[in-house]
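Participant: need coordinates for the below:
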Amino acid sequence: MSSRKNDFAPQDAVKALLWCRRVCCLCGKTCGVGIELAHIDRAGPGTLDNAIPVCFDCHCAIGHYVDEHPRGKKYGVDELKKRRNQIYDEQTSVLVPPIDFRLSQQNPERQLPAVGFQIFHKGKTHPVRAFVRITVAKGRGKHLQPKTVGHYDGRYPWNLNPGQGVLGWFALTQDQTPLKGRPLRAKIEVTIADIYAYRHALYPIGYILEAGAQDWYAEPCEELM
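Facilitator: Got it, this is the predicted structure:
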């Protein structure tokens, strides 16, 4: 694989090196200055998504494969991206604090059709930004049509400093109000951007609100929508 110097934008190179902490994204060796950005797809663009920080030996290993005379198993694009992301996750995990998020109707000022939402930074170091996506659907079964609610559509960041949180809310539309035999279901998806802008997707949490119930309770997300 050729290095194609200067093909990656300087700001992208800095992000990639910060995210991996100069650890080779293939063999896991700490490289120091002995690291370079390789193209995952040799015919692809010089973008951050197509970059993988690797040591000199692994850079050679990625490119030393002859399709006409195959021996062993070459590195595929999908494998390289997943391996790179694994290293990014491992090296930046210390920057992600415990995050508590949930729906709640316990606030007297947040009664249906208003739904309370809260998210808290439970750590003591490193501020983060949280991107929250909440989808709501009414009824049961595989033919539900979930709708994203208001500004909780994953585009707007919540700035969370250590020990701080947000108490928010959104209003249900008329067709989302729970009816007898038709519970209301919600799914919360949270992505955390650390101080170096690397994004960590948390597992989603599913909630259900039965008609007449006083509060939401959790349910398996696989059965949600």
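Participant: which of the residues in stretch 129-140 are buried?
Facilitator: Neighbour-count burial for stretch 129-140, with 16 or more other CB atoms under 10 Å as criterion, is recorded at Arg129, Ala130, Phe131, Val132, Arg133, Ile134, Thr135, Val136, Ala137, Lys138. For glycine as for every other residue, the C-beta is placed from the backbone atoms N, C-alpha and C.
Participant: chain center to that stretch, what's the gap?
Facilitator: Put simply, stretch 129-140 sits 15 Å off its chain's centre (CA atoms, centre = their mean, to the nearest Å).
Participant: may I have that stretch as PDB, with CA atoms only?
Facilitator: Once non-C-alpha atoms are left out, stretch 129-140 reads as follows in PDB (Å, rounded to 0.1, in the frame of the first residue of the first chain):
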ATOM      1  CA  ARG A 129     -21.000  16.100  24.400                       C
ATOM      2  CA  ALA A 130     -24.100  13.800  24.200                       C
ATOM      3  CA  PHE A 131     -26.100  13.300  21.100                       C
ATOM      4  CA  VAL A 132     -29.600  12.000  22.000                       C
ATOM      5  CA  ARG A 133     -32.100  10.300  19.600                       C
ATOM      6  CA  ILE A 134     -35.500   9.400  21.000                       C
ATOM      7  CA  THR A 135     -38.000   7.500  18.900                       C
ATOM      8  CA  VAL A 136     -41.600   6.900  19.900                       C
ATOM      9  CA  ALA A 137     -44.100   4.400  18.600                       C
ATOM     10  CA  LYS A 138     -47.600   3.300  19.700                       C
ATOM     11  CA  GLY A 139     -48.800  -0.300  19.800                       C
ATOM     12  CA  ARG A 140     -47.100  -3.600  19.400                       C
END
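Participant: okay, buried residues for the longest helix along the chain please.
Facilitator: In the chain, with assignment by DSSP state H, the single longest helix is helix 77-92. Going by neighbour count (16+ other CB under 10 Å), the buried part of helix 77-92 is Leu80, Lys81, Arg83, Arg84, Ile87, Tyr88, Gln91, Thr92.
Participant: find the nearest non-adjacent residue to the fourth one, please.
Facilitator: Of all residues not flanking Arg84 in the chain, Cys25 sits nearest, at 4.2 Å (CB to CB, 6 or more residues apart in numbering).
Participant: same deal with the first one?
Facilitator: Leaving out its chain neighbours, the residue that sits closest to Leu80 by CB to CB, 6+ apart is Ile40, at 4.7 Å.
Participant: with Lys81 instead?
Facilitator: Ile40 (6.0 Å).
Participant: so that neighbour sits right up against Asn50, yeah?
Facilitator: Yes: under the criterion of CB atoms under 8 Å, Ile40 makes contact with Asn50 at 5.2 Å.
Participant: who has more neighbours out of the two?
Facilitator: Higher neighbour count among Ile40 and Asn50: Ile40, with 24 against 21, using other CB atoms under 10 Å.
Participant: how close does the more buried one sit to Val128?
Facilitator: As judged by CB to CB, to the nearest Å, Ile40 and Val128 stand 27 Å apart.
Participant: also Asn107?
Facilitator: Computed as CB to CB, the Asn107 to Val128 distance reads 24 Å.
Participant: comparing the two, which residue is more hemmed in?
Facilitator: Set Asn107 next to Val128 and count neighbours by other CB under 10 Å: Val128 wins out with 21 against 12.
Participant: need the contact list for that one.
Facilitator: Leu95, Val96, Pro97, Ile99, His121, Leu160, Ile192, Ala193, Asp194, Ile195 (CB atoms under 8 Å, 6 or more residues apart in numbering).
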